[in-house]
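Colleague: A structural model of the following input is requested.
(chains A and B)
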Number of protein chains: 2
Amino acid sequence: MSFEKIKRSEDYSKWYNDLVINAGLAEHSAVRGCMVIKPYGYAIWEKMQSQLDKMFKDTGHQNAYFPLFVPKSLFEAEEKNAEGFAKECAVVTHYRLKNDEENIGKLIVDPEAKLEEELVVRPTSEAVIWNTYKNWIESYRDLPILINQWANVVRWEMRTRLFLRTSEFLWQEGHTAHATKKEAIEEAETMLTVYADFAEQFMAIPVIKGLKTASERFAGAEETYCIEALMQDGKALQAGTSHFLGQNFAKAFDVQYTNNEGKREHVWATSWGVSTRLMGALVMTHSDDEGLVLPPNLAPIQVVVVPIYKGEEQLNQIKEEIQPIIKDLQNQGLSVKFDDRDTHKPGWKFAEYELKGVPIRLAVGKRDLENKTIELARRDTKTKETISINELATKVPKLLQDIQKSMYHKAKEYRDQQIKEVNSWEEFLVEIEKGGFLSAHWDGTSETEEKIKELTKATIRCIPLNNKKLSGKDVFSGKASDQRVLFARAY
Amino acid sequence: MSFEKIKRSEDYSKWYNDLVINAGLAEHSAVRGCMVIKPYGYAIWEKMQSQLDKMFKDTGHQNAYFPLFVPKSLFEAEEKNAEGFAKECAVVTHYRLKNDEENIGKLIVDPEAKLEEELVVRPTSEAVIWNTYKNWIESYRDLPILINQWANVVRWEMRTRLFLRTSEFLWQEGHTAHATKKEAIEEAETMLTVYADFAEQFMAIPVIKGLKTASERFAGAEETYCIEALMQDGKALQAGTSHFLGQNFAKAFDVQYTNNEGKREHVWATSWGVSTRLMGALVMTHSDDEGLVLPPNLAPIQVVVVPIYKGEEQLNQIKEEIQPIIKDLQNQGLSVKFDDRDTHKPGWKFAEYELKGVPIRLAVGKRDLENKTIELARRDTKTKETISINELATKVPKLLQDIQKSMYHKAKEYRDQQIKEVNSWEEFLVEIEKGGFLSAHWDGTSETEEKIKELTKATIRCIPLNNKKLSGKDVFSGKASDQRVLFARAY
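Modeller: Prediction:
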C-alpha cells in the first residue's frame, strides 16, 4: 500500500475516488466512461445481487433476459421516454469491420455493412420489453406479468465517477404488467419497500421513501417513487426508483388485454431498478479516513484471522488451535479468511484489512495461545478487546449482528441531524451550503423548483410518502404551499 | 397448448425450434438475431450459472466485470483474434440521437456525435481484459490472476437459431494469467475438466474431451481444448472450450512480469467459456416428441403435484394430506410445485408439465386419499406407478437421483453407439450420412481437413485427449497418419 491516504475533510471527492481504487473495488478502463469492477468490488455487488434477487423472488417475480439492442423505431415509440434518453445513446450503425488497405494490420468499419436501421444500446429496456409483452398478453389470465432482468445498460455520460455515474453500468430492471391501475400502483409501492428494506437491513443505509416531482420523474412515468440517502458530505443520493408507468407504454406499443367482461383495455405498467450506483452509496455512507467500513451483511470477508508467528512451528500451533474454530464459524455461514501469507508482515495485513473494511479482525500470537485468548478488533468503532478463544464461536456471530445494527444507527443518527426545517430564503441559502436535507415549503410549480435549482444547485429530492399536509408559504416564491418537501444538493 | 407438435423423425430442426418456443424457453425478438430468454428458460440458465459459478470459485477463481465496449485500437492489437472476429462485430459509431426535423416524433443519429474512435461491442473480452491486466501485473507475486466474467457478448450472425447461434448471447469467460507455460496449460486443462464434469453430472450429457485442430482453434489461441457432445440427430455440438493462449495476448499488450530472479518475462494466458448454447445442447440431448426432458439437477421444478378434485372440500382434504409432505421435500432442498389452479383441467396440466420436462409428476385424487396412495409419473421413462403417500418423502429424492443417472446413461449409450471406426473413404461417405462421430485416420494436414469438409460438411470435432497413437493411412488422402480423430457434422 504505497499510496498516500487523503482525509475526507480535505477533499471528499478525491477521498472517494482514491478509496474505490485503492481498496480494489473498481478502476477506470480504456473505454471512456466505462469502469472495470475488480474482484473485491464485484464480490460486494454479488452479495447485493443475491439478496435482492431473493427478495424479488419472494415477492413473486421471475428473471428473464431481453436483447441488448433496441431498434431505433421501437426506441422512438414512447415519445417521452425516447426524448429523455436520446441524448445519451450509444448507437450501433454497422455490423462488420474490414482490413484497412492503406494501413496494414489495422481495421476500419466496413461501409458496406451499414445497418438498415440503427440499433440503440439499451439505456433502459421498456421499449424492447413492451414490444415483447405485446405478444404475451391476450386476456386477464395472462396478467400480472412480474419479470426482472439483471443486465448492463449504457447511458453516455460526459462527466463520469466510478460507480456513481458511468457510461455502462450494471443493474436490475423490473418490468411488470397489470390489469388495473390500483394493482400497478401497489406493485410500484411494494418494490419501493423492498428497496428500502434492502438499503436499511443489508446496506445499513437509512433512506427516505418519497415521490419525485414532475420534473425529476423517469421519462415516460406517471409517478416515480424513490429512496433517498444522505452521504457523509451532506449530499443526497438517489439509491433506487420504482415507477408507475400508467398506460404510457401499453399505449405506445398497443398492449391490450381482454378483461373478464370481454372488453379490451390497455395494460398498466411499472418498472423499477437499482444499479451499481449502490456501491457508491455504500462507500460514502460508512467509510472513514482509514478505508472502507463494510456492513457484515454485505462484506465478502466478514472475519479475518491474522496469525502472528515466527517460524513454521508457531504457525502450526496457531493453526491447530484456531482452525477448528474457523471451521465452526464457517459452518454457521460466516465468511472467514485465515491469512497466513509469509510475504507480508502482520502490520501490513492489519492496514490492508482496515482499508478493505473487513468488519472483524482477529489476531493471535504465541502469548495469546498460552493464555487461550485472541485479540478482536472491530472495524466500525476501531475498538479492540481481548477475548477467550473459547468464546469466539458464539461471540463473533453475535458481534457481526451488533455491528450491522450499530452501523445503521450511526448512519441514521447522522442523517436525522441533517434534516433541517427551513422557513426563509435567507435561511435556505445559508443552510444549503452546510449540506443535508432542507425541509421547506414549496408552491408545487416546476418554475419555482427550477429557479431554486439554478440559484443553489439544490433539487427537490422527494416529497416524502405520507407527508403531512400543512399550509405555509413557499420558501422562495412566497406563494401558498400545502406541504414541505426535501431539498438537497445531490449526486 | 393450441399448437401442433411435430415429431423429431419428421423434422428435427423444426421440432427443436418449436419446442424451445412452446416450452417457454426462448423466442425471437424484434432485434435481428437476438433472442428473448423467457422465465422458464432463464430459470434453467440460472441453475447452470449457479453450479458453474460454484465450481469456478472452488477452483480458486473470482468474478469481475469488464467493459462491454472495446475501442477499435485495442481490438486490433492481437491480430489473429481481431481477424477472427472482425467480420461479425457490432460497431458503435455515435453517442447521441436527435430529433428528425423532417419527421416529427422520429429520431436520427446526430452526425455531430460521431465518436473519434469506434467502439466494438465485445465478441469476447481478451483485448479489453489484457489491456487491464497490464496494469495489474508487475512481479511474479501478482500471479496467477484467476478471473471469470458473466456477461453478454455479440457476434453478428446471418443465420441464427435460438440458443445455438444468436447475435447476442450470454456466457461466462474466464481469463487467467500465469508465470509459466506449464501452469497455464494446467489451468486450461483444469477448466476443461470442470466443464466436462458439469456437462456429465448436471446436464447428464456425455462429452468427449479433446483438442481442436489448428484450423478449428479459437482465433489467437495456441491450443483449444473442447468438450464435444452428440445430439439425437447425430450431429455434434461443441459444448465448451478452454484455450491455452500462450503469450500471444501478453505480447500484443506488452504484459510482462519480473520473475523471482529479477528478469522480465511475458505472461502466459488462458481463456475459457461456455454460453447459453448449452441450453440448446440440453434440449437436443434429452427431449422427446412430447416435450422437454430435464435432468433433475437443472430442472426449475423437480416435482409437480397435481390434485384431482371436485369442489373446495376435496381440494382441502388433498391439501391437508399432501402439504406436509411437500414441505418435507422442500426442506430437503427440492423444488416442488403444487398446482391447484382451477382454470385448467388435470389432463391439460399433465400435458403442460410433460412439455416442460418436469422430472416427476405426482397426481392425487379422492380415491388415492382413501387408499393413502399417489400416482407417480416419471418424465424420462414415461412410466407410472402407484406408491404409498408415506413413502414419498424418502422415495422422491432417491428417484430424482436415479433419473439423473439414468438420463446420463441413456445419453451415453446412444452416444457410444454413434462412434464408428471408419477405414475407407467409401465407408466415410456412407457413414457420415447416418450421423454420429466417425473415428478415422487423418494425415494431420489442414488441406485434407478442408477437403473433407468441402465434400461432406464434416469437420474434425476433436483429437481426443490421451488418444492412442497408432499408425495408419488417412481416410481420404491415403497419406501416413499416426492417430484417429473424430469427424462429424456439427451445430
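Colleague: what about chain A, any weak spots by pLDDT?
Modeller: Scanning chain A with the threshold set as pLDDT under 70 gives A:1-3.
Colleague: so which bits of the stretch 101-250 of chain A are right by chain B?
Modeller: By CB under 8 Å from any CB of the partner chain, the residues of the stretch 101-250 of chain A that approach chain B are A:105-107, A:109, A:118-121, A:128, A:131-132, A:135, A:141, A:147, A:151-152, A:154, A:156, A:168, A:170. Where C-beta positions appear, they are placed from N, C-alpha and C, glycine not excepted.
Colleague: turn the buried ones among the residues you listed into a named PyMOL selection, would you?
Modeller: Selection of buried members from those for PyMOL, criterion 16 or more other CB atoms under 10 Å in any protein chain shown:
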select buried, chain A and resi 107+109+118+119+120+121+128+131+132+147+151+152+154+156+168+170
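Colleague: show me where the stretch 1-150 of chain A has helices.
Modeller: Taking DSSP state H, counting those that start in this stretch to define them, one finds helices in the stretch 1-150 of chain A at A:12-22, A:39-58, A:72-75, A:79-85, A:126-136.
Colleague: okay, those helices, which one's buried deepest?
Modeller: Among the helices of the stretch 1-150 of chain A, helix A:126-136 has the highest mean neighbour count (mean count of other CB atoms under 10 Å in any protein chain shown), at a mean of 23.
Colleague: quick one: contacts of that helix?
Modeller: A:66-67, A:69-70, A:74-75, A:77-78, A:81-82, A:122, A:142, A:145, A:147, A:149, A:175, A:177, A:220, A:245, A:249-250, A:252-255, A:267, A:269, A:271, B:27, B:29-31, B:36 (CB atoms under 8 Å, 6 or more residues apart in numbering or on different chains).
Colleague: now that helix: how far from the chain's centre is it?
Modeller: Taking CA atoms, centre = their mean, to the nearest Å, one finds helix A:126-136 lying 26 Å from the centre of the chain it belongs to.
Colleague: if we can go back for a sec, which among the contacts of helix A:126-136 end up buried?
Modeller: Buried members of the contacts of helix A:126-136, counted by 16+ other CB under 10 Å: A:66-67, A:69-70, A:74-75, A:77-78, A:81-82, A:122, A:145, A:147, A:149, A:175, A:177, A:220, A:245, A:249-250, A:252-253, A:255, A:267, A:269, A:271, B:27, B:29-31, B:36.
Colleague: tell me the phi and psi of A:Lys251?
Modeller: phi -70, psi -40 (degrees, to the nearest 10).
Colleague: next one: A:Lys468
Modeller: For A:Lys468, the backbone dihedrals are phi -70, psi 130 (criterion: degrees, to the nearest 10).
Colleague: and it, what is it in contact with?
Modeller: By CB under 8 Å, 6+ apart, A:Lys468 lies in contact with A:Gln483, A:Arg484.
Colleague: can we see that at 10 Å?
Modeller: Taking CB atoms under 10 Å, 6 or more residues apart in numbering or on different chains as the criterion, A:Lys468 is in contact with A:Asp482, A:Gln483, A:Arg484.
Colleague: and it, how far is that from A:Val485?
Modeller: Using CB to CB, to the nearest Å, we find A:Lys468 at a distance of 12 Å from A:Val485.
Colleague: ok, A:Arg341 next?
Modeller: Going from A:Arg341 to A:Val485 by CB to CB gives 53 Å.
Colleague: for A:His28, same thing?
Modeller: For A:His28, the distance to A:Val485 - CB to CB - is 36 Å.
Colleague: could you do A:Arg161 as well?
Modeller: Relative to A:Val485, A:Arg161 is positioned 26 Å away (CB to CB).
Colleague: quickly list what the closest residue to A:Lys384 other than its chain neighbours is bridged to.
Modeller: Excluding the flanking residues, the one nearest A:Lys384 by CB to CB, 6 or more residues apart in numbering or on different chains is A:Ala377, at 4.7 Å. Counting by DSSP bridges, A:Ala377 forms beta bridges with A:Arg361, A:Lys384.
Colleague: do I have it right that A:Ala377 meets A:Ala351?
Modeller: No. The criterion here is CB atoms under 10 Å, and A:Ala377 misses it with A:Ala351 at 11.9 Å.
Colleague: hmm, back to that, closest one to B:Lys57 among the helices of the stretch 1-150 of chain A?
Modeller: When the helices of the stretch 1-150 of chain A are compared by CB to CB, helix A:39-58 sits nearest B:Lys57, at 10.1 Å.
Colleague: does chain B sit close to the closest one?
Modeller: Yes. Helix A:39-58 is in contact with chain B by CB under 10 Å from any CB of the partner chain, via A:Pro39, A:Tyr40, A:Gly41, A:Tyr42, A:Ala43, A:Trp45, A:Glu46, A:Ser50, A:Asp53.
Colleague: contacting residues for the fourth one?
Modeller: I take that to be A:Tyr42. A:24-26, A:36, A:49, A:170, A:276, A:279, A:300, B:62-65, B:147-150.
Colleague: who does A:Thr459 bridge with?
Modeller: Beta-bridge partners of A:Thr459, counted by DSSP bridges, are A:Ala488.
Colleague: before we move on, back to that, and A:Ala377 and A:Ala351? Which one has more around it.
Modeller: A:Ala377 (20 against 16; other CB atoms under 10 Å in any protein chain shown).
Colleague: for that one, what are its contacts?
Modeller: A:304, A:306, A:350, A:353-354, A:358-363, A:383-385.
Colleague: among the residues you listed, which ones are buried?
Modeller: A:Val304, A:Val306, A:Tyr353, A:Glu354, A:Val358, A:Pro359, A:Ile360, A:Arg361, A:Leu362, A:Ala363.
Colleague: ok so the fourth one is a helix residue?
Modeller: Yes. Assignment of A:Glu354 by DSSP: H, G, I helix; E, B strand; the rest coil places it within a helix.
Colleague: what's the distance between the closest residue to A:Val194 other than its chain neighbours and B:Tyr40?
Modeller: Closest residue to A:Val194 in three dimensions, ignoring its sequence neighbours and counting by CB to CB, 6+ apart: A:Met55, at 5.0 Å. Distance, A:Met55 to B:Tyr40, using CB to CB: 21 Å.
Colleague: over to A:Val430?
Modeller: Distance from A:Val430 to B:Tyr40, by CB to CB: 59 Å.
Colleague: ok, now A:Leu329?
Modeller: Counting by CB to CB - A:Leu329 and B:Tyr40 are separated by 38 Å.
Colleague: and stretch A:482-491, how far apart are its ends?
Modeller: Stretch A:482-491 has its terminal residues 28 Å apart, counting by CA to CA, to the nearest Å.
Colleague: err, stretch A:409-426, not the other one
Modeller: End-to-end distance of stretch A:409-426 (CA to CA): 32 Å.
Colleague: which parts of it are buried?
Modeller: For stretch A:409-426, burial by neighbour count (16+ other CB under 10 Å) applies to A:Lys410, A:Ala411, A:Lys412, A:Tyr414, A:Arg415, A:Gln418, A:Lys420, A:Val422, A:Trp425.
Colleague: which of the helices or strands spans the second one?
Modeller: Which is A:Ala411. According to DSSP states H and E, A:Ala411 maps onto helix A:392-417.
Colleague: whichever residue of the stretch 101-250 of chain A sits closest to chain B in helix, strand or coil?
Modeller: Residue of the stretch 101-250 of chain A nearest chain B, by CB to the nearest CB: A:Trp156 (4.3 Å). Following three-state DSSP, A:Trp156 is assigned to coil.
Colleague: can you tell me the element the spatially most central residue of chain A falls in?
Modeller: Closest to where the C-alpha atoms of chain A average out (CA atoms, centre = their mean) is A:Leu278, at 1.7 Å. Per DSSP H and E: A:Leu278 is located in helix A:277-286.
Colleague: for that helix, packing partners?
Modeller: For helix A:277-286, the packing partners by 3 or more CB pairs under 10 Å, 6 or more residues apart in numbering or on different chains; DSSP states H and E come out as helix A:12-22, strand A:26-28, helix A:39-58, strand A:168-178, helix A:181-201, strand A:223-230, strand A:236-246, helix A:392-417.
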